[in-house]
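In: quick one: sequence and predicted model below, then my questions.
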Amino acid sequence: MANPVIFFEIAGKGIEKLSEFYASVFGWKMSPAPDGVLGVDTDTEEGIQGILHPVEDDSDYSNHVMIYVRVDDLETSINNLERLGGKVFMKPQGLPNNMGSFAIFTDPSGNFIGLHQNP
Amino acid sequence: MGNPVMFFEIAGKNGESLRDFYSALFDEWAILPFGWSKSHFPNDIFAIDPTPPPMSDEGIKGHIFPIPDAMNLSNRVSIFIQVEDIEETLNQIENKGGKMLVTKQVLPDGMGAIAMFADPSGNIIGLYQV
């Protein structure tokens, strides 16, 4: 199967301001999800959908943009990326509501990239 | 028209090793030099088409951007949002607490135009106009 880029994540502190910004500039529709995450519906048939992810105010970490690539099997992809010089940042985690599972890795330049496997 | 997320960018200092990494990891990503003249970009950009026909039409296309050594940036992932009018959107962005980083740039070969902005949390996001 191909490995399409199917999802985006925009993360930062001040999630209310971030949400207002994307809603008012781009007309995106946000909906509450677990753990303070906001689902993003860009209200378009084209392109991909995503989430806004909160970052705790006291975190050392400030913000990021991520993309998620769909794969057949997370474990196989993780074995491959480690062999090729990538590193696992977050091991496979199940998502609620039968939405599959995901993992996060860093590529050789240090970019954080997500992997997603359907149920 | 809405404002869909239509494109992604993966950028890093060593473009060829990034290309080799993603080619090997996602073996159906067709990663090819973009072929723009060096007058536009100092390093070759690698276009990614993760969904060449007749395979899946899901997802969005992207590129690997080799960051020139002189640029004070090590790596980043970004997404591009399609808008009707880049200048009008940049005005709105500045009114709403975002910041313009790169003003409207017309792409060669009739490929439209791009701009870059920072959102209120500091994320770097692209705009694309057909």
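Out: That came through fine.
In: going forward, measure contacts and count neighbours with C-alpha atoms only.
Out: OK.
In: mind jotting down where the helices sit in chain A?
Out: In chain A, the segments counted as helices under DSSP state H are A:15-26, A:74-83.
In: and among these, the most buried is which?
Out: Of these, the one with the most neighbours on average (mean count of other CA atoms under 10 Å in any protein chain shown) is helix A:15-26, at a mean of 18.
In: tell me the pLDDT of residue A:97.
Out: On the pLDDT scale, residue A:97 is placed at 83.
In: now the one 10 residues further on
Out: On pLDDT, residue A:107 comes in at 96.
In: OK, contacts around the residue nearest to residue B:97 when sequence neighbours are not counted?
Out: Residue nearest to residue B:97 in three dimensions, not counting chain neighbours: residue B:120, with 5.7 Å by CA to CA, 6 or more residues apart in numbering or on different chains. Going by CA atoms under 8 Å, 6 or more residues apart in numbering or on different chains, residue B:120 touches A:17, A:18, A:21, B:97, B:98, B:99.
In: ok so, going back, got TSV for the helices of chain A, with distance to chain B and mean pLDDT too?
Out: Below are these laid out as TSV (distance: least, CA to the nearest CA, whole Å; pLDDT from 0 to 100):
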stretch	distance to chain B	mean pLDDT
helix A:15-26	6	96
helix A:74-83	6	97
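In: distance to residue A:46 added to the ones you listed, as CSV?
Out: What follows is the helices of chain A, written out as CSV (distance: least, CA to CA, whole Å):
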stretch, distance to residue A:46
helix A:15-26, 14
helix A:74-83, 26
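In: can you name the residues that contact residue A:70?
Out: Neighbours of residue A:70 in contact, by CA under 8 Å, 6+ apart: A:3, A:4, A:5, A:6, A:115, A:116, A:117, A:118.
In: so among these, which ones count as buried?
Out: Among the contacts of residue A:70, those buried by neighbour count (16 or more other CA atoms under 10 Å in any protein chain shown) are A:3, A:4, A:5, A:6, A:115, A:116, A:117.
In: pLDDT score for the nearest residue to the first one once chain neighbours are set aside?
Out: The shortest distance from residue A:3 to any non-neighbouring residue, by CA to CA, 6+ apart, is to residue A:70 (5.2 Å). Per-residue confidence (pLDDT) for residue A:70: 94.
In: cool, and residue A:38?
Out: Residue A:38 carries a pLDDT score of 97 in this model.
In: can I take it that residue B:20 is in a helix?
Out: Yes. Residue B:20: assigned to a helix according to DSSP: H, G, I helix; E, B strand; the rest coil.
In: mind listing what the residue of chain A positioned farthest from its centre touches?
Out: Centroid-distance maximum for chain A: residue A:83 at 23.1 Å, with CA atoms, centre = their mean. By CA under 8 Å, 6+ apart, the contact list for residue A:83 is empty.
In: can you map out the strands along chain B?
Out: B:5-12, B:30-33, B:46-49, B:61-66, B:75-82, B:99-106, B:113-118, B:124-129 (DSSP state E).
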